[in-house]
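Q: For reference, the sequence and a predicted model appear below.
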Amino acid sequence: MIVNEMTGGEAIARMIKAFGSGPMFGMGGFQLLPFYDAAKRLGLNHHLINDERSGIFAADAYAKACGRVGLVDATLGPGATNLVTGLVEALNAGTPIVAIVGDTHRDHSWKNMTQESRQIDILRPCCKELIRIESARRIPELMRRAYAVATSGRPGPVVVDVPEDVAHATYPYDETEFQVDENYGAAPSMRCRASRDGVEAAAAMIAQAKRPMILAGGGIHLSRAANTLTDFARSLNIPVAHTLTGKGSIPCIDPLSAGLFGRYDRIANALIAESDLLLVVGCKLGEIATKRYTIPGAGKRVIHVDIMAEEIGRTLQPDLALWGDARSTLEDIYAVLASERHSIKSRQAGYAAEIPQRMAKWSEEVAGRLTSEEIPISMARLVTEINRALPSDGYLIADGGFAAHWGGLLFDTKQAGRHFIPDRGFASIGYGLPGAIGVALAAPGKAVLSLTGDGGFNMVLGELETARRLNLTFTMIVVNNAASGYVKALQHLVYGPGSYHASDLSETNYAAAAQALGCNGIRVEDPADLAQALAKSLTLSGPTVLDVVVTRDPAKMLPGVDNRAVKIKKGDRVA
């Protein structure tokens, strides 16, 4: 037995190191100084961020890209409250995060200490669990608890609230107290299986269906089930459509991929309408995926697989509910179908052949938009060039709203897995740049592109300094339309031309701004220059801003590339 007298802050740092954790982002304060001192001495991969919201966004993107726990710290008061948006993103998206937050000295709490607030009450509903450490002695135990909660079941963020006196206090720890189960360093740390009866019932329904279809959500990636789902679909000739977060559940270029479904789609919504069985896996069936709860239509037979029992039945009542891990449940259904796989695949061959035919027809019909020569540049042309430029193992991060929807509709992953990373848990803008930081750290050496609007980029421009300081290489593609594009487009759609308020931005050269901050900057105004600019950006070292001047026409801003008419009824959410 070896006893080590150390501060509570050092004990936290030692626990983080024991889990083999990745990069941590934070902005320090007095409360957590002992933690910062230990982080330096222990060699933790800890980085100063310029805004705590960016810090938790970077941690979130890191965790989404590699599955390991994302780490962030913040001082009390404004540091803690700046985490709120990112915590809700992680909570809704199922991202494993541990956030260390300093708090007031307990001997002086509620005497108007500097920056004091009811931060526990503010943060508690924004996380999967909030753990308040009241005793330095219990730090190893409670840090193990934080990692276990963050990575098990449906993953999520855990806040560890550390009073100043606990962080600064010393305690004689036994070295055995810092032993951990490293499985809890990544999600999913544990898997559960659906009931055998349910699995057999699902297999029977699939075997009997004539036009079955899989609807894949972000839970596929939380379960690391993309390869399993791809094999499952191919072995049975079942088409797969995906949500924004489910992109990559099967490669988008696979003949069985029906693309995005819901508010925006290519061919998926029509296929859903024609289907006689929907296998919904890891999908919450929220507003966007269901086109405000109109998809799937009434009477559809649905099997719903989810790790969160609370999500099943929230927006529709399935014919069969399977409560379990996505990968394990798919594996079990697959095993039950062993003797019938060949006959099912053969029977579904004609149906499966419709998918690439329909996709080819769609591509032919919209080719004029995808290859548009218009100036300013069309968003459809921009995403087309991204598809051509990004290697199969590269990543595209998409900021909230405008960028995520365009990327979700038109970006094609070339292999199974999470290579499209949007912030759809909360759909906040400002995610693009810190998201690129997180993914660049999670996937060193891989090509990283990030798509953001000029409004979202304005929020976090200062993090270019962070990226440069960390010597990270990625390309920020700024969709420069001198507007809050989504809002302006909605105003145009709902109220007509010229009805714009509080949606215009100043014309800005973001390439020049990047150069002023010591980064690479390339400005593109002609679609003919896009391919070369993207190729060049992928060869440069350090952060690169690709400032793309896109359409200023609000009628062309909303995601979509065809001529489907929008019919608006009172109360409709049209985009």
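A: That came in fine, so what should we check first?

Q: Report the contact partners of residue 478.
A: By C-beta atoms under 8 Å, 6 or more residues apart in numbering, residue 478 lies in contact with 452-454, 457, 510, 545-548. Any C-beta I mention is one placed from the backbone N, CA and C, and that applies to glycine too.

Q: now swap in residue 301 and tell me
A: Residue 301 neighbours (C-beta under 8 Å, 6+ apart): 205, 209, 276-278, 319.

Q: Just the contacts of residue 478: which are in helices?
A: 454, 457, 510 (DSSP state H).

Q: Columns distance to residue 117, pLDDT and neighbour count on top of the contacts of residue 478, output as TSV?
A: Listed next are those as TSV, based on distance: C-beta to C-beta, whole Å; pLDDT from 0 to 100; neighbours: other C-beta atoms under 10 Å:
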residue	distance to residue 117	pLDDT	neighbour count
452	31	98	30
453	31	96	27
454	33	97	24
457	30	98	28
510	35	98	24
545	36	98	29
546	40	98	26
547	39	98	24
548	41	98	29
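
Q: wait, which of these is closest to residue 370?
A: residue 548 (15.8 Å; C-beta to C-beta).

Q: what is the closest one paired to in the beta sheet?
A: residue 479, residue 524 (DSSP bridges).

Q: thought it was touching residue 383?
A: No - the pair residue 548 and residue 383 does not pass the contact test of C-beta atoms under 8 Å, sitting 10.8 Å apart.

Q: By neighbours, which of the contacts of residue 301 wins?
A: Neighbour counts for these peak at residue 278, which has 26 neighbours (criterion: other C-beta atoms under 10 Å).

Q: who's it bridged to?
A: In beta-bridge terms (that is, DSSP bridges), residue 278 pairs with residue 213, residue 302.

Q: who touches it in this structure?
A: Counting by C-beta under 8 Å, 6+ apart, residue 278 makes contact with 212-215, 272, 296, 300-303.

Q: how close does it sit to residue 239?
A: As judged by C-beta to C-beta, to the nearest Å, residue 278 and residue 239 stand 11 Å apart.

Q: circling back to that earlier point, now, which of the contacts of residue 478 sits nearest residue 79?
A: Comparing these against residue 79 with C-beta to C-beta places residue 457 closest, at 23.3 Å.

Q: how about the nearest residue to that closest one, chain neighbours excluded?
A: What sits nearest to residue 457 in space, not counting adjacent residues and going by C-beta to C-beta, 6 or more residues apart in numbering, is residue 478, at 5.1 Å.

Q: Contact partners for the closest residue to residue 134 other than its chain neighbours?
A: In this structure, residue 134 finds its nearest non-sequential neighbour in residue 166, 7.1 Å apart by C-beta to C-beta, 6+ apart. By C-beta under 8 Å, 6+ apart, the contact list for residue 166 reads 8, 106, 133-136, 139.

Q: Helix or strand next in line after the strand or helix carrying residue 166, which one?
A: Counting by DSSP states H and E, the element that carries residue 166 is helix 164-168. Sequence-wise, the next helix or strand downstream of helix 164-168 (DSSP H and E) is strand 170-174.

Q: any idea how far that following strand is from the chain center?
A: Strand 170-174 has its C-alpha centroid displaced from the chain centroid by 39 Å (C-alpha atoms, centre = their mean, to the nearest Å).

Q: Beyond it, next helix or strand please.
A: helix 196-208.

Q: can you pull the pLDDT of residue 465?
A: pLDDT for residue 465: 98.

Q: sorry, back to before: residue 417: which of the contacts of residue 278 is nearest?
A: Nearest to residue 417 among the contacts of residue 278, with distances taken as C-beta to C-beta, is residue 214, at 16.5 Å.

Q: Tell me how many other residues surround the closest one.
A: For residue 214, the neighbour count with other C-beta under 10 Å is 30.

Q: For the stretch 1-150 of the chain, just list every one of the helices.
A: Along the stretch 1-150 of the chain, the segments classed as helices by DSSP state H, counting those that start in this stretch run 8-18, 33-42, 52-66, 78-81, 84-93, 119-123, 139-151.

Q: any chance of these in a markdown table, with mean neighbour count and mean pLDDT too?
A: Formatted as a markdown table, these follow (neighbours: other C-beta atoms under 10 Å; pLDDT from 0 to 100):
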| stretch | mean neighbour count | mean pLDDT |
| --- | --- | --- |
| helix 8-18 | 25 | 98 |
| helix 33-42 | 18 | 97 |
| helix 52-66 | 29 | 98 |
| helix 78-81 | 20 | 97 |
| helix 84-93 | 24 | 98 |
| helix 119-123 | 17 | 98 |
| helix 139-151 | 22 | 98 |
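
Q: all strands of the stretch 401-550 of the chain, in order?
A: Using DSSP state E, counting those that start in this stretch, the strands found in the stretch 401-550 of the chain span residues 420-422, 448-453, 474-480, 520-524, 543-549.

Q: what about those strands, which gets the closest to residue 389?
A: By C-beta to C-beta (comparing all of the strands of the stretch 401-550 of the chain), the closest turns out to be strand 448-453, at 7.7 Å.

Q: Could you list every helix and strand in contact with that closest one?
A: Contacts defined by 3 or more C-beta pairs under 8 Å, 6 or more residues apart in numbering; DSSP states H and E place strand 448-453 against helix 379-389, strand 395-398, helix 402-410, helix 432-442, strand 474-480.

Q: Quick one: closest of the ones you listed to residue 187.
A: Of all the helices and strands packed on strand 448-453, helix 432-442 comes closest under C-beta to C-beta, at 13.4 Å.

Q: how many degrees apart are that closest one and helix 52-66 in direction?
A: 40 degrees (axes from the mean of the first three to the mean of the last three C-alpha atoms, to 10 degrees).

Q: With only the CA atoms kept, save helix 432-442 in PDB.
A: Only the C-alpha atoms of helix 432-442 are listed here, as PDB (Å, rounded to 0.1, in the frame of the first residue of the first chain):
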ATOM      1  CA  GLY A 432     -18.600  24.300 -37.100                       C
ATOM      2  CA  LEU A 433     -15.200  25.700 -36.000                       C
ATOM      3  CA  PRO A 434     -14.900  24.100 -32.500                       C
ATOM      4  CA  GLY A 435     -16.400  20.900 -34.100                       C
ATOM      5  CA  ALA A 436     -13.500  20.900 -36.600                       C
ATOM      6  CA  ILE A 437     -11.000  21.300 -33.700                       C
ATOM      7  CA  GLY A 438     -12.500  18.300 -31.900                       C
ATOM      8  CA  VAL A 439     -12.600  16.000 -35.000                       C
ATOM      9  CA  ALA A 440      -9.100  17.000 -36.000                       C
ATOM     10  CA  LEU A 441      -7.900  15.800 -32.600                       C
ATOM     11  CA  ALA A 442     -10.000  12.600 -32.800                       C
END
